[in-house]
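# Take a look and give me a structure for this.
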Amino acid sequence: MESRELAYFVAVAEELNFGRAAERLGMAQPPLSRAIQQLERRLGVRLLTRTSRRVELTPAGEVLLAEGRTALTALAAAEERARRAADPKLVLALKPGGDAGLLEKILARCAAEEIAVEPRFCAIGEQEGLLRGGEADVALLHLPYDEPADLATEVLLVDREIVLMPSTHRLADRTELSRADLDGEEVFEWTDECPAVGGPIRDTGQVGTLVALGQFVAVMPESFAEYVPPNLAAVPLTDGNTSTVVLAWPAESRSRELARFVRVAAGVTAPAAT
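Numbers count the residues shown, from 1 in each chain. Presented below is the predicted three-dimensional model:
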């Protein structure tokens, strides 16, 4: 099976319309139809059922769509990693404010060990895509909010939760809070849809701005307190959840430089020997 044929099939399977798929691929519809028919003959199975009104996937087509997406992603990632292999820098993907206060320490240790690292900041949830697409070598993730399925991981630290609020808030002078104390408040957590006007929240800077504007109070990882501006207060949440900050990278990676980086980064949070 050629990657070109597979790309043709995935386009048709996703659009369920030969005309739209042909437009998406930048080709005429007749050769696209012939390519799909040729693929079906080669595999000896029907991938699509066609009528004058609709196109539907057969069970075999559903399997090939899932596997085809994976294969095409792997091919694109292989191309990207091959291009970047000549660049000695490791690309570290993370969301702004998502380093739990570790980035500066990690980069300092890497500089001392002569490991070249280039941080790449991205929106929430984009780290895994950058890893799987070959655009990043390693990423900082927060569990359980991020999904590291099929990625190798190394735990850096466990983060408790705080409540972020304006410094003028009625609860701002408390030394600690429980979830019961937040009854009646508009509360934002990363697992929520954004309750404020303006679309989904994509980084911690947006959270701080909306908290300052009085849109809500926010339950955040404790490490975020390091970035809290003077007009906000951060109060520990005694019955909050914990999140885990991990390094993640493609499990199939055999890069010695990446292995060195993971060792050095893990050493930043390792307890000192006594």
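
# CA only for contacts and neighbour counts going forward, please
Noted.

# just checking, next helix/strand downstream of the longest helix along the chain?
Secondary structure of the chain per DSSP state H: the longest helix is helix 59-84. From helix 59-84 onward toward the C-terminus, using DSSP states H and E, the following helix or strand is strand 90-94.

# so the longest helix of the chain versus strand 90-94, what angle?
Interaxial angle, helix 59-84 versus strand 90-94 (axes from the mean of the first three to the mean of the last three CA atoms, to 10 degrees): 130 degrees.

# Please report how far Ser178 lies from Thr244.
When CA to CA, to the nearest Å is applied, the distance between Ser178 and Thr244 equals 21 Å.

# So which of those two has more stuff around it?
It is Thr244, of Ser178 and Thr244, that has more neighbours when counted by other CA atoms under 10 Å, with 19 against 15.

# Is it correct that the more buried one falls within a strand?
Yes: for Thr244, which was evaluated using DSSP: H, G, I helix; E, B strand; the rest coil, the result is membership in a strand.

# Check the contact between it and His142; I expect there is one.
Yes: with contacts counted by CA atoms under 8 Å, Thr244 reaches His142, the gap being 5.5 Å.

# In contact with Arg132, which residues?
Applying CA atoms under 8 Å, 6 or more residues apart in numbering, one finds that Arg132 lies in contact with Thr73, Ala74, Ala77, Pro250.

# Make sure I have this right: Ala248 is in a strand.
Yes: Ala248 forms part of a strand when assessed by three-state DSSP.

# Might you report the residue contacts of it?
For Ala248, counting by CA under 8 Å, 6+ apart, the contacting residues are Val138, Ala139, Leu140, Leu141, Pro148, Leu151, Ala152, Thr153, Glu154.

# Let me have those residues in a markdown table, extended by secondary structure.
Compiled in a markdown table, the contacts of Ala248 are given as follows (three-state DSSP):
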| residue | secondary structure |
| --- | --- |
| Val138 | strand |
| Ala139 | strand |
| Leu140 | strand |
| Leu141 | strand |
| Pro148 | coil |
| Leu151 | strand |
| Ala152 | strand |
| Thr153 | strand |
| Glu154 | strand |
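
# a markdown table please, covering those and showing pLDDT, neighbour count and distance to Asp173.
Rendered in a markdown table, the data for those read as follows (pLDDT from 0 to 100; neighbours: other CA atoms under 10 Å; distance: CA to CA, whole Å):
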| residue | pLDDT | neighbour count | distance to Asp173 |
| --- | --- | --- | --- |
| Val138 | 94 | 27 | 39 |
| Ala139 | 95 | 26 | 36 |
| Leu140 | 94 | 26 | 32 |
| Leu141 | 92 | 27 | 31 |
| Pro148 | 85 | 19 | 38 |
| Leu151 | 91 | 17 | 42 |
| Ala152 | 94 | 15 | 42 |
| Thr153 | 94 | 20 | 38 |
| Glu154 | 94 | 15 | 37 |
